[in-house]
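Peer 1: Whatever this is, show me its structure:
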Amino acid sequence: MHERILVVDDDPSVHEVVRAYLERDGYIVYSAMSGQEGLDLTQLKQPSLIVLDRMLPDLGGEEVCADVRRRSDVPILMLTSVGSAEDRVAGFSLGADDYLVKPYSPRELVARIKALLKRSGNSESPLGRAMRFDGGALEIDTVRHEVKIDGELKELTHSEYKLLLALAQYPGRVYSRYELVNRVQGHDYAGYERTVDAHIKNLRRKIEPDPVRPRYIETVRGVGYRLGVSPE
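Peer 2: Okay, here's the model as predicted:
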């Protein structure tokens, strides 16, 4: 195991504890004490995953997350002392893949990191290498984890990709928010169903010709979402 974990937090005790647990499991750990240092190390070290504190002395965690997400789809686990649904939704809207509220168990943090890395590195292709819809306008490459619209590559986060893949496995089938949370997050994420709406909004903005009148991801009011186009 050679995954590189970047921890961005201004609390030295967090680094000590997190480093001890992660290095014991074979991870390579880099530490950043500020948002800017985190951005610099992200460019320099190309981490496999970023653990990002929401409250930093220079740049806010949301600003760091948004900056990283403009350039990379590296999984981001956000740490926060505020656990409101609004804060979680805001973090997911900026591209965070998971959220953990302080104080947390170091074992839970490691479990979340392993789950994120497993999902982001999972090359399982249950329906073949390429899935095409809408006469080939929408293409999902399940080996390369790439999505193209009319031949143009779209940069999706891991959560957005997994969400689209879940919908694409059974076109026309309506998935509840609860089902999608469990498919995307890989575990019971009770109470976080609203975050699916944030991911859907971001996904539509990236792949829909007109996000206001979505063609691919349809809302079924009072139930959930479905892929509204047929396979090629």
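Peer 1: wait, what's in contact with P47?
Peer 2: R4, I5, L6, Y30, L41, V74 (C-beta atoms under 8 Å, 6 or more residues apart in numbering). C-betas here are computed from N, CA, C, even on glycine.
Peer 1: just I207 next, same as before
Peer 2: Contacts of I207 by C-beta under 8 Å, 6+ apart are L138, V147, I149, K154, L164, Y216, I217.
Peer 1: Number of residues surrounding the last one?
Peer 2: The reference is to I217. If you count neighbours by other C-beta atoms under 10 Å, I217 ends up with 20.
Peer 1: ok, now the first one?
Peer 2: L138: 23 surrounding residues under other C-beta under 10 Å.
Peer 1: what pairs with it across the strands?
Peer 2: Beta-bridge partners recorded for L138 (DSSP bridges): F133, I149.
Peer 1: quick one: contacts for it?
Peer 2: R132, V147, K148, I149, I207, Y216, V229.
Peer 1: Could you report the distance from it to P209?
Peer 2: For L138, the distance to P209 equals 11 Å [C-beta to C-beta, to the nearest Å].
Peer 1: which residue sits closest to R19, ignoring its sequence neighbours?
Peer 2: Closest residue to R19 apart from its sequence neighbours, by C-beta to C-beta, 6 or more residues apart in numbering: V29 at 4.7 Å.
Peer 1: Next: P12.
Peer 2: Using C-beta to C-beta, 6+ apart, the nearest residue to P12 is M33, at 7.7 Å.
Peer 1: Ok, E23 next?
Peer 2: Per C-beta to C-beta, 6+ apart, closest to E23 is V29, 5.8 Å.
Peer 1: Could you look up the SS state of the one you found?
Peer 2: strand (DSSP: H, G, I helix; E, B strand; the rest coil).
Peer 1: follow-up on the earlier one: among the contacts of I207, which one is most surrounded by other residues?
Peer 2: Busiest of those [other C-beta under 10 Å] is L164, holding 25 neighbours.
Peer 1: Contact partners for the residue most central in space within the chain?
Peer 2: Centrality entry for the chain: nearest residue to the mean C-alpha point is D97, 2.9 Å, by C-alpha atoms, centre = their mean. D97 makes contacts with P75, I76, L77, L116, S120, T157, H158, S159, as judged by C-beta under 8 Å, 6+ apart.
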